[in-house]
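>>> Here is my input; please provide its structure:
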Amino acid sequence: MPLRMRYAGQVIGAVFVAALAAGSARAEPTNPLGLRTTDASGCHLTDGRGFEAPTIVLMAGAYDKLLPEAAVALKVIDVAIEAGCDIDEPDELGFSPLNAAILYNEPVLVERFLRAGADPHRRIVSPRASINGLDSFEFLHLLETKAPSQNRAALREMLRDRD
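Prediction:
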């Protein structure tokens, strides 16, 4: 295991806990989401009760839920990317981090993932028939069709630049 991945789990855990506790008046750091890394790579997080997910895609989903501490998710994502975690590793529904960022309409994350090498041509492999086999371009088109009131023009532009 490369040296940068060997301690990534500790770094991700420390960043996650410290950043979440930064705004707190408590003397001891806490982790209100109850998440921790599963191993030294830091590429997966768990709640210790059976839930486990790839770190990058999980933080993509948590990004807007951590407001105003969304910088926590960005820092954890950056550490995971630097540690060599797979930028395209999907969750149990088949969403890669890029797909999750598209779903949640997060241009900051889409740009970050594309810069890190996310593959917009990667096909979604999902138990959900409506998205199974779609790439990021097709997935974005599906979302624009189903929810035309959400402005996803910035995402479309970013993906077009990668086509």
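
>>> Show the subsequent helix or strand relative to the helix or strand that Val72 is a member of.
For Val72, the host element (DSSP states H and E) is helix 70-82. Proceeding N to C from helix 70-82, the next assigned helix or strand is helix 97-103, under DSSP H and E.

>>> residues in contact with that following helix?
With contacts defined as C-beta atoms under 8 Å, 6 or more residues apart in numbering, helix 97-103 is touched by 54, 56-57, 60-61, 63, 77, 87-91, 95, 109-110, 112-114, 118-120, 122, 124, 136, 139-140, 143, 152, 155. Every residue, glycine included, has its C-beta placed from N, CA and C.

>>> State the next helix or strand along the chain beyond that helix.
According to DSSP H and E, the helix or strand after helix 97-103 is helix 107-115.

>>> Give me the contact list for whatever helix or strand comes next after that following helix.
Of the helices and strands lying after helix 107-115 in sequence (DSSP H and E), the nearest is helix 136-146. The list of residues contacting helix 136-146 from outside it, by C-beta under 8 Å, 6+ apart, reads 98-99, 102-103, 120-122, 124, 130-131, 134, 150, 152, 155-156, 159, 163.

>>> Could you rerun that using 6 Å?
Applying C-beta atoms under 6 Å, 6 or more residues apart in numbering, the contact partners of helix 136-146 are 98-99, 102, 120, 152, 155, 159.

>>> Scan those and report the most crowded one.
Using other C-beta atoms under 10 Å as the neighbour test, the contacts of helix 136-146 are led by Leu98, with 31 neighbours.

>>> What separation is there between that residue and Asp47?
24 Å (C-beta to C-beta, to the nearest Å).

>>> which of the contacts of helix 97-103 are buried?
Among the contacts of helix 97-103, those scoring as buried are 54, 56-57, 60-61, 63, 77, 87-91, 95, 109-110, 112-114, 118, 120, 124, 136, 139-140, 143, 152, 155 (criterion: 16 or more other C-beta atoms under 10 Å).

>>> Dump the contacts of helix 136-146 to JSON lines, plus distance to Cys43 and pLDDT.
As requested, the contacts of helix 136-146 are exported to JSON lines (distance: C-beta to C-beta, whole Å; pLDDT from 0 to 100):
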{"residue": "Leu98", "distance to Cys43": "16", "pLDDT": "98"}
{"residue": "Asn99", "distance to Cys43": "18", "pLDDT": "97"}
{"residue": "Ile102", "distance to Cys43": "21", "pLDDT": "97"}
{"residue": "Pro120", "distance to Cys43": "21", "pLDDT": "97"}
{"residue": "Arg152", "distance to Cys43": "29", "pLDDT": "96"}
{"residue": "Leu155", "distance to Cys43": "25", "pLDDT": "97"}
{"residue": "Leu159", "distance to Cys43": "25", "pLDDT": "95"}
